[in-house]
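Colleague: need coordinates for the below:
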Amino acid sequence: PYLRPSTALFCVGQAQLEMQESVVGGISVRLPATWGLFCSAVSRASMRSTRVEMCSESGVAAIGQATARLFNSNVSTSAVALSVDDAASLSMQGGSLQRN
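Modeller: Predicted coordinates:
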């Protein structure tokens, strides 16, 4: 069967998400996720020691009034590492952005 991943993690509305020591994203470069983490509305997401990889749009995206925080996390092999619109908030402490 043909498998086409879309978004690894989707946080919407007033949702809150916390992740630690995980790997999210696509299956391979040929089968990427669209987004590794997509936050919208007033949702909040926090990732610690997490790898986001192989995404065709963005590794981490925040829109609306969403807040995304990455601590000691890595974003790699994605079309765009981090994307945020003008009302959202995205912060990264530690970690790295590679091959984006």
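Colleague: low-scoring stretches of the chain, by residue?
Modeller: Low-confidence segments of the chain (pLDDT under 70): 1-5.
Colleague: nearest residue to residue 76 other than its sequence neighbours?
Modeller: residue 98 (4.2 Å; CB to CB, 6 or more residues apart in numbering). The way it works is simple: take the backbone N, C-alpha and C, and place the C-beta from them, glycine included.
Colleague: list the contacts for the one you found?
Modeller: Applying CB atoms under 8 Å, 6 or more residues apart in numbering, we find residue 98 in contact with 74-77.
Colleague: and the buried ones among those, selectable in PyMOL?
Modeller: Remark: buried members of those, expressed as a PyMOL selection using 16 or more other CB atoms under 10 Å:
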select buried, resi 74+75+76+77
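Colleague: of the contacts of residue 98, which belong to strands?
Modeller: 74-77 (DSSP state E).
Colleague: closest one of these to residue 12?
Modeller: residue 75 (20.6 Å; CB to CB).
Colleague: does that closest one really touch residue 47, like I thought?
Modeller: No. Using CB atoms under 8 Å, residue 75 makes no contact with residue 47, being 9.7 Å away.
Colleague: mutual contacts of those two, please.
Modeller: Jointly contacting residue 75 and residue 47 under the rule CB under 8 Å, 6+ apart are residue 60.
Colleague: residue 49 and residue 93 touch, don't they?
Modeller: No. Under the criterion of CB under 8 Å, residue 49 makes no contact with residue 93, lying 11.6 Å away.
Colleague: about what we covered before: for the ones in strands among the contacts of residue 98, which one is nearest residue 17?
Modeller: Relative to residue 17, the closest of the ones in strands among the contacts of residue 98 is residue 75; by CB to CB it sits at 16.2 Å.
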